[in-house]
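**Q** Pasting the sequence and the predicted model now:
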Amino acid sequence: MTDQVLKKVAEKIAKCLALASSDNPAEAEAARRQAEALMRKHGLNCGDVSAAKVQENNVNTGSHRPPVYLMRLGGLIARAFSCEMVSTTRNDGFGNRASFMTFFGVGVKPELASYTFDVLRRQIIKDRKAYQTTLGRYKRSNKIRMANLFCTAWIERIAKQVQDFSGSEQEKIAIDAYKSRRWGDDLEQDKRKRPNIERESDVKALQAGFDAAKDISIHRPVQTKAGKQIGQIMEGN
């Protein structure tokens, strides 16, 4: 069964299950039986139905494993949009191996999360490069550590704009079911840690990153995207 067919069948089953809670006993029983019949016919269960509600969007992050700061940024954006995020390496469609950040959740949320991540990913990389140009007298290893600390503080500042996961319990169940069916136990845990603060210059790196993110809004990319879409609709009229 293709994903498209699965979604259509799952949507029909979901509607039946919703009617199964009707105050009309006869209607509820008929809907329950129809849902069970459809699940038997297509070899589905409640977990499959929940998982079919989930969408995913991918962002190509390059040919190498994403650095710690991008992983943290991805997790932060996912939480802001009631999604989850995983990083995988696969073929990019052009015969090359590339890393992808995959956001998955219910409705339009994964699309908004991936768009926001891509905008902020480009911004933090730009700010990181600009900061590195100020570190001319340091050794390469120190430059890398300080730039990573810069990014750590950059992300910590915008993290203050994000509230805890606000998705409904049904969304969480659907996302967990999708994650289990999509990746199973194949996902590797990222155990890398942020760089250590070793000297006074590292503290300055943190301050520089915190200052660089003072005007960064986690919501502005979505507002910009919405404005562009509205403009395209108006132009089409």
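**A** Arrived safely, thanks for sending.
**Q** Could you list the residues in contact with the strand or helix carrying residue 36?
**A** Assessed by DSSP states H and E, residue 36 sits inside helix 25-42. Helix 25-42 is contacted from outside by 1, 6, 9, 12-13, 16-22, 44-46, 48-49, using C-beta atoms under 8 Å, 6 or more residues apart in numbering. Just so you know, the C-beta spots here come from the backbone N, C-alpha and C atoms, and that holds for glycine as well.
**Q** Sort out which residues of it are buried, please.
**A** Across helix 25-42, burial judged by 16 or more other C-beta atoms under 10 Å covers 31-32, 34-35, 38-39.
**Q** Give the rounded mean pLDDT of it.
**A** Averaged across helix 25-42, pLDDT comes to 86.
**Q** next one: it to chain centre, how far?
**A** With C-alpha atoms, centre = their mean, to the nearest Å as the basis, helix 25-42 stands 34 Å off its chain's centre.
**Q** quick one, what contacts residue 146?
**A** With C-beta under 8 Å, 6+ apart, residue 146 has these contacts: 135, 138, 201-202, 205.
**Q** Mind checking which of those residues are buried?
**A** With burial judged by 16+ other C-beta under 10 Å, the buried subset of the contacts of residue 146 is 135, 202, 205.
**Q** Make TSV out of the residues you listed and add pLDDT and secondary structure.
**A** Output for those, formatted as TSV (pLDDT from 0 to 100; DSSP: H, G, I helix; E, B strand; the rest coil):
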residue	pLDDT	secondary structure
135	94	coil
202	92	helix
205	96	helix
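**Q** thinking again about what came up before, can I get the buried residues of helix 25-42 in JSON lines with distance to residue 78?
**A** JSON lines is the format used below for the buried residues of helix 25-42 (distance: C-beta to C-beta, whole Å):
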{"residue": "31", "distance to residue 78": "34"}
{"residue": "32", "distance to residue 78": "35"}
{"residue": "34", "distance to residue 78": "35"}
{"residue": "35", "distance to residue 78": "31"}
{"residue": "38", "distance to residue 78": "32"}
{"residue": "39", "distance to residue 78": "30"}
